[in-house]
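A.B. asks: give me a model of this one.
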Amino acid sequence: GMANYVSLLHSDMLKYGANTLILWMIGFIPQIVIALVLAAWFTDVRLKIRGQQFFKVVIYLPNLIMASAFALLFFTMFSTNGPINSILMSIGILKKPIDFLDLYLEQIVDRIYELPDVVWKYNYYVDGIMGISQDVFEASDLDGCNSIQRFFYITLPLIRPILAYTLITSIIGGLQMFDVPQILTNGQGNPNRTSMTLIMFLNSHL
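C.D. replies: Here you go, the predicted structure:
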């Protein structure tokens, strides 16, 4: 039975593992930055933002749609026979269709995963920041701290457990990346199998 594992390690599995890691890193960093900035912004009582409940609902809406549905929408819109190419050709900007899915596949995959992931990270960070005693923030104001100092020296250290949790769950989700690249590339991992993820590779060997 060990021969099966040896043959698997001699395949391109490690390359596809690296693809998965790269796609996850490109997507994770913008997710955590956007979620933290939004959470810190909406929980800052000094800004006195009105209509916070409305913005919370709007931010949450992308989470209602599955990532695979976004992938199918992007595949339909940006394929060589899709409406984007048709419009650009009809108004004379393009002479022949552009294969967006080949040229910008990594960026499209990351943006599709980014919307729902930003939402749940944002909700966790908001809950964590709201759990910090306002006395701490009031004391920092009395000491003359500005918004950046409050964020880096008070908010981030006090929500460190939540940051660790979102990091671990994001790594798990990144290793399970399958549906979006599978739909966008029809399981081929194009271009040149650079978007072939580890789960796609294992799925093709079932």
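A.B. asks: how about the helices in this structure?
C.D. replies: Along the chain, counting by DSSP state H, helices occupy 2-9, 13-42, 52-60, 67-78, 83-90, 100-103, 105-130, 134-142, 147-150, 156-158, 160-175, 179-185, 198-203.
A.B. asks: where are the low-confidence patches of this structure?
C.D. replies: For the chain, applying pLDDT under 70 flags the ranges 45, 52, 61-67, 103-116, 206.
A.B. asks: ok, now with 80
C.D. replies: Counting by pLDDT under 80, the chain shows low-confidence ranges at 1, 8-9, 44-75, 78, 99-120, 123, 184, 186-187, 189-192, 204-206.
A.B. asks: count the neighbours of residue 39 for me.
C.D. replies: 24 (other CB atoms under 10 Å). Yep, even glycine has a C-beta here, placed from its N, CA and C like the rest.
A.B. asks: ok, the nearest residue to it once chain neighbours are set aside to residue 29 distance?
C.D. replies: Excluding its sequence neighbours, the residue lying closest to residue 39 (CB to CB, 6 or more residues apart in numbering) is residue 125, at 3.6 Å. Here residue 125 is placed at a distance of 15 Å from residue 29 (CB to CB, to the nearest Å).
A.B. asks: residue 132 too?
C.D. replies: From residue 132 over to residue 29 (counting by CB to CB), the distance is 24 Å.
A.B. asks: of those two, which one has the most company?
C.D. replies: residue 132 (14 against 11).
A.B. asks: which residues does the more buried one contact?
C.D. replies: Contacts for residue 132 (CB atoms under 8 Å, 6 or more residues apart in numbering) come out as 154-155, 158-159.
A.B. asks: ok, of the residues you listed, which come out buried?
C.D. replies: Neighbour counting with 16 or more other CB atoms under 10 Å marks 154-155, 159 as buried within those.
A.B. asks: any idea how far residue 83 is from residue 157?
C.D. replies: Distance, residue 83 to residue 157, by CB to CB: 48 Å.
A.B. asks: likewise for residue 140?
C.D. replies: 12 Å.
A.B. asks: more neighbours: the two, which one.
C.D. replies: Set side by side, residue 140 and residue 157 show more neighbours around residue 140, with 16 against 9, by other CB under 10 Å.
A.B. asks: spatially, what comes nearest to the more buried one if we skip its sequence neighbours?
C.D. replies: residue 150 (5.3 Å).
A.B. asks: neighbours of that neighbour, how many?
C.D. replies: 18.
A.B. asks: gap between it and residue 141?
C.D. replies: Remark: distance between residue 150 and residue 141 (CB to CB) = 8 Å.
A.B. asks: got it, and residue 15?
C.D. replies: As judged by CB to CB, residue 15 and residue 141 stand 52 Å apart.
A.B. asks: looking at these two, which has the bigger crowd around it?
C.D. replies: Counted by other CB under 10 Å, residue 15 and residue 141 do not tie: residue 15 has more neighbours, with 14 against 11.
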